[in-house]
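okay, sequence plus prediction incoming.
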Amino acid sequence: MEARIRVVVAKPGLDGHDRGVKVVARALRDAGMEVVYTGLHQTPEQIVETALQEDADAIGLSVLSGAHMTLFRRLLELLAERDAADIVVFGGGIIPPEDIAELEKLGVARIFTPGATTASIIEWVRANVATPVA
């Protein structure tokens with residue numbers, strides 16, 4: 001049996017708007033991926049710890065608070081410190097185009113903006129996150 005892609009989906013910071021992240025988490029799950037949703041108000045430290053405990057292949061962050069540069073940067077730093085930079089980091093939210101380019105330079109693999117379809121997110125994850133060996 002082929003192992004499934006494992007994705008930790010998280011809502012970092014103080015933002016309490018979680019409808020979109022729950023839709024994405026359910027869509028990934030319905031597409032056959034293992035999904036761990038960490039819930040609201042998570043710190044980058046908590047998210048990285050969960051990803052390591054769950055042996056995640058990817059982390060998806062939903063950020064609507066405007067703190068995307070700080071949150072993604074810290075998450076990537078923590079992954080590097082824990083020798084886990086191979087975990088693919090992607091995200092979504094209301095993020096200005098100039099910040100998307102900067103986040104990609106930092107190592108965020110992809111940012112989805114409002115209006116992205118769940119089908120496009122699923123397709124991207126399947127194409128860009130390595131399927132683990134069973």
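Looks like it came in fine.

how far does the biggest helix by length in the chain sit from the chain's center?
Counting residues, the longest helix found in the chain (DSSP state H) is helix 68-81. Helix 68-81 sits 12 Å away from the centroid of its parent chain (C-alpha atoms, centre = their mean, to the nearest Å).

the closest residue to Lys22 other than its chain neighbours and Trp124, how far apart?
Excluding its sequence neighbours, the residue lying closest to Lys22 (C-beta to C-beta, 6 or more residues apart in numbering) is Tyr37, at 7.0 Å. Using the backbone N, CA and C atoms, a C-beta is placed for each residue, glycine as well. Counting by C-beta to C-beta, to the nearest Å, the gap from Tyr37 to Trp124 is 19 Å.

which of these two has more neighbours?
When Tyr37 and Trp124 are compared on other C-beta atoms under 10 Å, the one with more neighbours turns out to be Tyr37, at 22 against 15.

which ones are touching that one?
Residues in contact with Tyr37, defined by C-beta atoms under 8 Å, 6 or more residues apart in numbering, are Val9, Ala10, Val21, Lys22, Ala25.

quick check: angle from whatever helix or strand comes next after the longest helix of the chain to helix 68-81?
Using DSSP states H and E, the helix or strand that directly follows helix 68-81 along the chain is strand 88-93. For strand 88-93 against helix 68-81, the angle between stretch directions is 170 degrees (axes from the mean of the first three to the mean of the last three C-alpha atoms, to 10 degrees).

so the spatially most central residue of the chain, which of the three states?
Taking C-alpha atoms, centre = their mean as the criterion, Gly60 is the residue nearest the geometric centre of the chain, at 1.0 Å. Three-state secondary structure (criterion: DSSP: H, G, I helix; E, B strand; the rest coil) places Gly60 in strand.

setting aside sequence neighbours, what's the nearest residue to it?
Sequence neighbours aside, Val9 is the residue nearest to Gly60 in space, at 4.7 Å (criterion: C-beta to C-beta, 6+ apart).
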